[in-house]
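K.L.:
pasting a predicted model and its sequence here:
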Amino acid sequence: MEAAGMLVDQVAYGARRLLFNSILCLEQLKGNADSLRPVRGLRASEGEQGGSPALDSWLPENSTLIRLIVTGPEDPKLLGQRHSESGAASAKDELLVAFNSYPPVGADGKCGVAAASQMYLARNVDVVHPTQVKFGQHLSCGHLNRAEKNWIPFERNGKFYFVYSLLPHEVVEINPDGSCGKRFNSAFTPLAHLQAMDFDKAIRGSAQAVFIDDAEGTPNLPEPHFLAMLHITDTKVRRYAHFAYRFKAEPPFEIVQISKQLPLQTLSPGDMSSAPFAFVSGLAVRERQVVISYAAGDRDPRALLLKMERLDEMFASDEAGSEISS
């Protein structure tokens, strides 16, 4: 007996006018096929044989071969990087895509010993030419023999960083060659207490971080900071709780606030194999309008749209992190 699973992901770009403080679902995109185009040029590590791996595992108890077929990058995160010292836009600015993928097959057509998902960074991605091939640079900050994902990318003062873990809040500077630079560690007490009370809960990152400098729009934190997303997973069942969080704009980038739980709509997966859930994949902010993109049940792309002021209310001092331990 053979069972096959397909891991399929696409990066798309385009324009769509939306109402804010609302929820966007797949139905609203129908009839707008020309406004969204897939970016098909992303590849893992240049210099290897290339090609997407097919990973096999054998279940002797029922004589079943399970084959995972990978068709492209997973969990892409789009962000820009400014190269001018003043931080102003310039012709040298880059568009980058961070994503995770299984390593490409080697010259022998095999995946090698370390067949675990890894993080990659593709630079100078051209959305005007979405089929142009761009190789992702393997980020060697983690472990080769276990899955590396849920890193949160951000840029600050011309340098590129990832939030590698939430507990501790470990931020890693990425060197131009993809190697690790400085590491900054800090701890946020409510998360530490949660982990101490329940070891079955895992705290991980989502999407990318966005720099915010708007004291009027964020009265609960009227100073420059980064806005980011995290999720708490119950490892016994497939269930997620998503929160926004804020961390300081300068090293060591300590967490300062966590919001109330985000009001995401959930769905059961197509095969009904688990309880209804949602999973955040992206974050964007423009003119005090916040867009949080997510998937409901791994099958329905949606977006939560909020005014900055409404999101800031979810960080009110008497509510911040109140649902973390519930």
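P.N.:
Here it is on my side, so go on.
K.L.:
and whichever helix in the chain runs longest, what other elements does it pack with?
P.N.:
The longest helix of the chain (DSSP state H) is helix 189-197. The elements that helix 189-197 packs onto, with contact taken as 3 or more C-beta pairs under 8 Å, 6 or more residues apart in numbering; DSSP states H and E, are strand 201-212, strand 255-261. Placement of C-beta: from N, CA and C, glycine included.
K.L.:
cutoff 10 Å now
P.N.:
Contact here means 3 or more C-beta pairs under 10 Å, 6 or more residues apart in numbering; DSSP states H and E; on that basis helix 189-197 packs against strand 201-212, strand 225-234, strand 255-261.
K.L.:
could you pull out the helices for the chain?
P.N.:
For the chain, helices defined by DSSP H occupy the ranges 189-197, 308-313.
K.L.:
could you dump those to CSV with mean neighbour count and mean pLDDT?
P.N.:
Putting the helices of the chain into CSV (neighbours: other C-beta atoms under 10 Å; pLDDT from 0 to 100) gives the following:
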stretch, mean neighbour count, mean pLDDT
helix 189-197, 14, 88
helix 308-313, 18, 97
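K.L.:
which one of those helices lies nearest to residue 125?
P.N.:
When the helices of the chain are ranked by proximity to residue 125, the top entry is helix 308-313, at 27.3 Å, counting by C-beta to C-beta.
K.L.:
if I look at residue 150, how far off is residue 176?
P.N.:
When C-beta to C-beta, to the nearest Å is the yardstick, residue 150 and residue 176 sit 23 Å from each other.
K.L.:
equivalent analysis for residue 260, please.
P.N.:
Counting by C-beta to C-beta, the gap from residue 260 to residue 176 is 39 Å.
K.L.:
now do residue 67
P.N.:
From residue 67 across to residue 176, the span is 37 Å (C-beta to C-beta).
K.L.:
what does residue 216 give?
P.N.:
Counting by C-beta to C-beta, the gap from residue 216 to residue 176 is 37 Å.
K.L.:
on that earlier part again, who has more neighbours, residue 260 and residue 176?
P.N.:
Neighbour tally, residue 260 and residue 176, criterion other C-beta atoms under 10 Å: the higher count belongs to residue 260, 18 against 9.
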